[in-house]
Every structure is written in structure tokens, then in C-alpha cells.
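Need the 3D shape of this:
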Amino acid sequence: MKKLIYILFILFITSCSSTKKINGKYSFKNNERLISIDFKNDSLCEVNQVFYCDKIPEKYQNTTFMCKYSVSSLKKAIGYNENFKKKRIKFRKLTMQNLADSIPDSYIIIPDYKNSCLPPVAINSKEAKLQNKIKYGIIYNLVNDTLVIYDSHITFANYKLTKVKKKRKASN
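Numbers count the residues shown, from 1 in each chain. This is a model prediction of the structure:
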């Protein structure tokens, strides 16, 4: 009987320590879009994606959905810095699952986004080569995805979401 209680206690301790809570809001913003994740409580968050282009259909300009999330315990790996030198990194996995009833795909490509929202570039220029490699106008649905929390940032696709600092109210 003592062994059973001891095993249940160990399982309880390990399950509690592996569940981490994230609070606050993380966001990324550039001249094309805004991506934000607002953590509501210890298991729900709201993901918002806004595109600033007025030439796309309204249903694509602002999308918001709720997700269930869980955070893994701290992991260690070998990574590389800006100079491609090896360095040890510590990170957490953020697993997110969209709560919508029916989700068609893991992402939606906005039709004709590149032609209507991006500035025209010369055909053989560096910008044209870059536009051919990067997929623009994608709405991520986070059907069942894993993001990475590293150095107080969240990696979302190729975007680095940073924590939004709360503004203090000015006292008179």
C-alpha cells in the first residue's frame, strides 16, 4: 500500500511540475501584418492575425480564434548563433490546438495577395527572388501545432513574437 501511495505521489509531482503557465500577450508587427497571442488562463489563448492590405476580402483581413495550449518542461539542445557557432540553448515547446469545430487546412492562402498587396518589383531583382521564396498572405490556423518558447520569445512560423509590456497609467 505504501508503494502505491509513493508512486501516485511521484506521478502527481511530475505532472504538476511539467505544466507551466504563460501569461500576458505576445505579438509581432511589421508593415504587412500583426500576429498576437493573448494567453487568457493556464490552458486557453486567443490568436489574432491582422493584414493591413485593404485590397483583400474582409474575411481575411482580421482572423481570431481560440486555442487550447500546453507547455512542456525545459528542454536543452545544441543551436547556432548568428555567426553559426554552436551554443547550448534552453527552450520549451508550446503545443497549440485550435478549438474551432471544422478547420479545412492548417493554413489558408489569401487569393491574389502577392499581386494586390505587395509593391511591384523588377523581374530579376533580389526582391523578386525573395518574393518567390517567401509565401506571403498566409493565415495560420494552428490545427495542432508546436511552437517554440526561447529566450522569452515565441517562434510562430518565421516570426518572433515578443511579450507586450503593459502600459502603466500615469498618476496625477
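
hey, let's count contacts and neighbours off CA atoms from now on
Fine.

longest strand of the protein?
Across the chain, the strand with the greatest residue count (assigned by DSSP state E) is strand 86-98.

helices and strands around the helix or strand encompassing Asp38, which ones?
Counting by DSSP states H and E, the element that carries Asp38 is strand 33-39. Judged by 3 or more Cα pairs under 8 Å, 6 or more residues apart in numbering; DSSP states H and E, strand 33-39 is in contact with strand 24-29, strand 44-51.

Show me the contact partners of the first one.
Think strand 24-29. With contacts defined as Cα atoms under 8 Å, 6 or more residues apart in numbering, strand 24-29 is touched by 34-40, 153-154, 159-164.

ok, residues contacting the strand holding Asp38?
Residues outside strand 33-39 that contact it (Cα under 8 Å, 6+ apart): 22-29, 45-52, 161.

Buried by neighbour count, from these: which ones?
By neighbour count, with 16 or more other Cα atoms under 10 Å, these hold 22, 25-29, 45-51, 161 as buried.

shaky segments in the chain?
1-20, 104, 121-123, 130-134, 167-172 (pLDDT under 70).

Can you show me the strands along it?
24-29, 33-39, 44-51, 62-71, 75-80, 86-98, 107-109, 138-140, 144-150, 153-156, 159-163.

Now render the ones you listed as JSON lines, adding distance to Cys117.
Conversion of these to JSON lines gives the following (distance: least, Cα to Cα, whole Å):
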{"stretch": "strand 24-29", "distance to Cys117": "16"}
{"stretch": "strand 33-39", "distance to Cys117": "11"}
{"stretch": "strand 44-51", "distance to Cys117": "10"}
{"stretch": "strand 62-71", "distance to Cys117": "15"}
{"stretch": "strand 75-80", "distance to Cys117": "34"}
{"stretch": "strand 86-98", "distance to Cys117": "28"}
{"stretch": "strand 107-109", "distance to Cys117": "13"}
{"stretch": "strand 138-140", "distance to Cys117": "13"}
{"stretch": "strand 144-150", "distance to Cys117": "28"}
{"stretch": "strand 153-156", "distance to Cys117": "22"}
{"stretch": "strand 159-163", "distance to Cys117": "19"}
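
Brilliant, that's me finished.
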